[in-house]
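*Asks:* Just need the structure, nothing else, for what follows:
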Amino acid sequence: MKRRHGVGYVLLFSFLLAAGVAAGQGERERDLDVVLAGGRVLDPESGLAAVRDVGVRGGEIAAVSETTLAPRLRAGGTLVDASGLIVSPGVIDLHAHGQTNEANEFQAHDGVTTALELEAGYGAIAKWIESRGGNALLNFGASVAHGTVRLLAMPEYARRIEALERR
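*Replies:* Have a look, this model is predicted:
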């Protein structure tokens with residue numbers, strides 16, 4: 001059994017709570033891949049804000065328990081000491097100008113699992129989505145830039161916009 005400590009590791013698994021809190025499904029012995037032990041679980045959907053163990057199996061929440069889940073950890077599984085840390089669903093950042101993997105790495109340390117550029121957006125949105133697809137560390141999205149759309153409605157600026165989109 002590997003034992004790990006640290007905020008970053010806990011935050012990487014925090015997004016798993018977004019799938020919901022499932023308590024005590026299938027009390028099979030040694031069926032968990034990861035146990036986040038003793039963290040303060042915050043689940044806005046259910047209102048839960050208490051110290052719990054969280055068990056993960058196959059990348060999904062399998063159990064949330066007031067009692068220890070360590071005995072259910074499979075051989076070779078990972079026990080994470082989350083005491084003193086918060087375990088919660090991922091954060092959606094609605095105003096993320098940083099739309100690179102480097103920026104996403106910093107955001108992930110803050111618990112962000114989805115980074116959206118909804119202020120300025122992007123003019124060539126299809127090209128931008130294609131450039132991020134398959135490469136992004138986080139979920140991503142953006143609005144279409146209002147200024148660009150407005151300029152497209154003015155034929156005298158169309159050539160300038162097309163030149164920008166070719167970049």
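
*Asks:* Going by C-alpha atoms from here, please, whenever you check contacts or count neighbours.
*Replies:* Noted.

*Asks:* Now do stretch 145-156: distance to the chain's middle.
*Replies:* Mean C-alpha position of stretch 145-156 versus that of the full chain (C-alpha atoms, centre = their mean, to the nearest Å) differs by 34 Å.

*Asks:* quick check: mean pLDDT across that stretch?
*Replies:* On average, the pLDDT along stretch 145-156 is 78.

*Asks:* Quick check: buried residues in it?
*Replies:* For stretch 145-156, burial by neighbour count (16 or more other C-alpha atoms under 10 Å) applies to A145, T148, L152.

*Asks:* dump the residue contacts of the first one.
*Replies:* Residues touching A145, when contacts are defined by C-alpha atoms under 8 Å, 6 or more residues apart in numbering, comprise A120, G121, Y122, G123.

*Asks:* again, only using 10 Å
*Replies:* For A145, the contact set (C-alpha atoms under 10 Å, 6 or more residues apart in numbering) comprises E117, L118, E119, A120, G121, Y122, G123, A124, I125.

*Asks:* do the same with E66
*Replies:* Listed by C-alpha under 10 Å, 6+ apart, the contact set of E66 reads A23, A37, G38, A50, V51, R52, D53, V54.

*Asks:* Parallel or antiparallel, list what pairs with the helix or strand containing G55.
*Replies:* Element membership for G55, per DSSP states H and E: strand 48-57. Next to strand 48-57 in the sheet, as set by DSSP bridges, lie strand 32-43 (antiparallel), strand 60-65 (antiparallel).

*Asks:* Quickly find the element holding the residue positioned nearest the centre of the chain.
*Replies:* By C-alpha atoms, centre = their mean, the chain has its centre lying nearest to T113, at 2.1 Å. In this assignment (DSSP H and E), T113 forms part of strand 112-122.

*Asks:* Show me what that strand is packed up against.
*Replies:* Applying 3 or more C-alpha pairs under 10 Å, 6 or more residues apart in numbering; DSSP states H and E, one finds that strand 112-122 contacts helix 7-14, strand 91-93, helix 101-109, strand 139-144, helix 146-152.
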